[in-house]
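*Asks:* this one's structure only:
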């Protein structure tokens, strides 16, 4: 009988070792590997040390696969290739290999690399980088989304302004302070 709860507990201990976007995938891979090996093991359940070792191996396989599939640009030659630090596994001396292959240094992927999108258009990698300072126009158009994060007092002031009612001095100061804060955020986003 498979002990799914134990598999999940041990997989949870190892999922943080993957990249943030791949953590759930690594967790599922570990659980699947436990189930495969337990079903092939017959009547004997997997011991906890064996499960820890299996999870460790699945994590190592995850990182090996991640680095094997990379195409990077050598900083000296500028040529897209498999990184040569994968070939030598750091067993060389820095003088016997290219200078960008020092222990711990990784060559960078070129931002000039061309990618193909779903429509068959080619786009350079630098054009796909998200701009944190960019204004999300769709979110601005959706007033409900903005109102969810808005203080109740500011909503009451907005209702008064829409209805043409005068604001008292405290409401006017509160409104001016919020408007100035939002303008400052907008100016920082444009800079």
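*Replies:* Yes, it's here. Quick caveat, the model's predicted, so the values are computed rather than measured.

*Asks:* ok, residue 154 touching residue 177?
*Replies:* No: counting by Cβ atoms under 8 Å, residue 154 does not reach residue 177; the two are 10.0 Å apart. Using the backbone N, CA and C atoms, a C-beta is placed for each residue, glycine as well.

*Asks:* Between these two, which is the more surrounded one?
*Replies:* The neighbour comparison of residue 154 against residue 177 (other Cβ atoms under 10 Å) goes to residue 154, with 16 against 11.

*Asks:* Skip the chain neighbours and tell me the closest residue to the more buried one.
*Replies:* In space, and not counting its chain neighbours, residue 154 is closest to residue 178: 5.8 Å by Cβ to Cβ, 6 or more residues apart in numbering.

*Asks:* Name the SS class of the one you found, please.
*Replies:* The assignment at residue 178 comes out as helix when based on DSSP: H, G, I helix; E, B strand; the rest coil.

*Asks:* same deal with the one 10 residues further on?
*Replies:* When states are read from three-state DSSP, the local structure at residue 188 comes out as helix.

*Asks:* Touching, it and residue 181? I think so.
*Replies:* No: under the criterion of Cβ under 8 Å, residue 188 makes no contact with residue 181, lying 10.9 Å away.

*Asks:* just to revisit the earlier point, what's the spacing between the residue nearest to residue 154 and residue 171?
*Replies:* Relative to residue 171, residue 178 is positioned 11 Å away (Cβ to Cβ, to the nearest Å).

*Asks:* And the average pLDDT for stretch 184-191 is what?
*Replies:* When pLDDT is averaged along stretch 184-191, the result is 73.
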